[in-house]
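Novice: Would you be able to build a 3D model of this:
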Amino acid sequence: RKVGLVTAKAGDFWRLRYAVLDGEKFSLYKKQGDEACRHSVDLAQCCVVYEGRSWNSDFIRVRIRQGDLNLRVRFETIDEMLSWFPGLQPAAAPPGPRRSLTTWEAGSTAPKQQRGGSFVGLDSSS
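Specialist: Presented below is the predicted three-dimensional model:
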C-alpha cells in the first residue's frame, strides 16, 4: 500500500490530489481524509500508457484509461513514477520528449505500438 500526493488531471486542469495505491487499485481523493473518492481504477483492468516528458515541461506523464475515464498523472522523476507504478519498466531507449508510446492492454503480454518515440510500458510479469 502506498499513499501520498500526486498531480493528476482528469478534466482540463492539473490538480494536486491525495492518492492511494492498494494492490491493483489506484484511487484519487481531493484531500487526505476524504471519504468520497474522486477517481478509482483497477490497474489490472485498464490501459496504462507512459507518455514521456511533455514538450513544455520536465514532468513525466502517465495516462490511465479505463472505460470513459482518461486520467493523467505526472511525476518529476522516473524513480517517483516507478514508486507508484512499479510495473512500468523502461525500454532500451531512454524516454524522449512527448512522443508516444507502447501500451500494454489489460491481460495482454505483448505491447501494442501506437506511434514512434521512446517507450516504456507495463511489464505484465511484475
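Novice: Does residue 81 belong to a helix, a strand or coil?
Specialist: Secondary structure, DSSP: H, G, I helix; E, B strand; the rest coil: residue 81 is helix.
Novice: where's the closest residue to it other than its chain neighbours relative to residue 33, distance?
Specialist: Using Cβ to Cβ, 6 or more residues apart in numbering and skipping residues adjacent in sequence, the residue nearest residue 81 is residue 75, 4.2 Å away. Any C-beta I mention is one placed from the backbone N, CA and C, and that applies to glycine too. Applying Cβ to Cβ, to the nearest Å, the value for residue 75 to residue 33 is 23 Å.
Novice: what about those two, which has more around it?
Specialist: residue 75 (18 against 7; other Cβ atoms under 10 Å).
Novice: List the beta-bridge partners for that one.
Specialist: Beta-bridge partners recorded for residue 75 (DSSP bridges): residue 60.
Novice: from what I can see it touches residue 58, true?
Specialist: No. Residue 75 is beyond contact range of residue 58, at 10.2 Å (criterion: Cβ atoms under 8 Å).
Novice: about what we covered before: contacts only, for the residue nearest to residue 81.
Specialist: Contacts of residue 75 were listed using Cβ atoms under 8 Å, 6 or more residues apart in numbering, and they are 6, 59-62, 81, 84.
Novice: For these, work out which two are farthest apart.
Specialist: 59 and 84 (13.6 Å; Cβ to Cβ).
Novice: Tell me where the protein has strands.
Specialist: 2-9, 15-22, 25-29, 37-42, 47-53, 60-66, 69-75, 88-90, 102-104, 112-113, 120-122 (DSSP state E).
Novice: Pick the most buried one from those.
Specialist: Mean neighbour count (mean count of other Cβ atoms under 10 Å) peaks for strand 120-122 among those, with a mean of 23.
Novice: Setting the sequence-adjacent residues aside, check what's closest to residue 61.
Specialist: residue 51 (4.1 Å).
Novice: circling back: could you dump the strands of the chain to a markdown table with mean pLDDT?
Specialist: Below are the strands of the chain laid out as a markdown table (pLDDT from 0 to 100):
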| stretch | mean pLDDT |
| --- | --- |
| strand 2-9 | 95 |
| strand 15-22 | 95 |
| strand 25-29 | 95 |
| strand 37-42 | 93 |
| strand 47-53 | 82 |
| strand 60-66 | 88 |
| strand 69-75 | 92 |
| strand 88-90 | 56 |
| strand 102-104 | 43 |
| strand 112-113 | 41 |
| strand 120-122 | 43 |
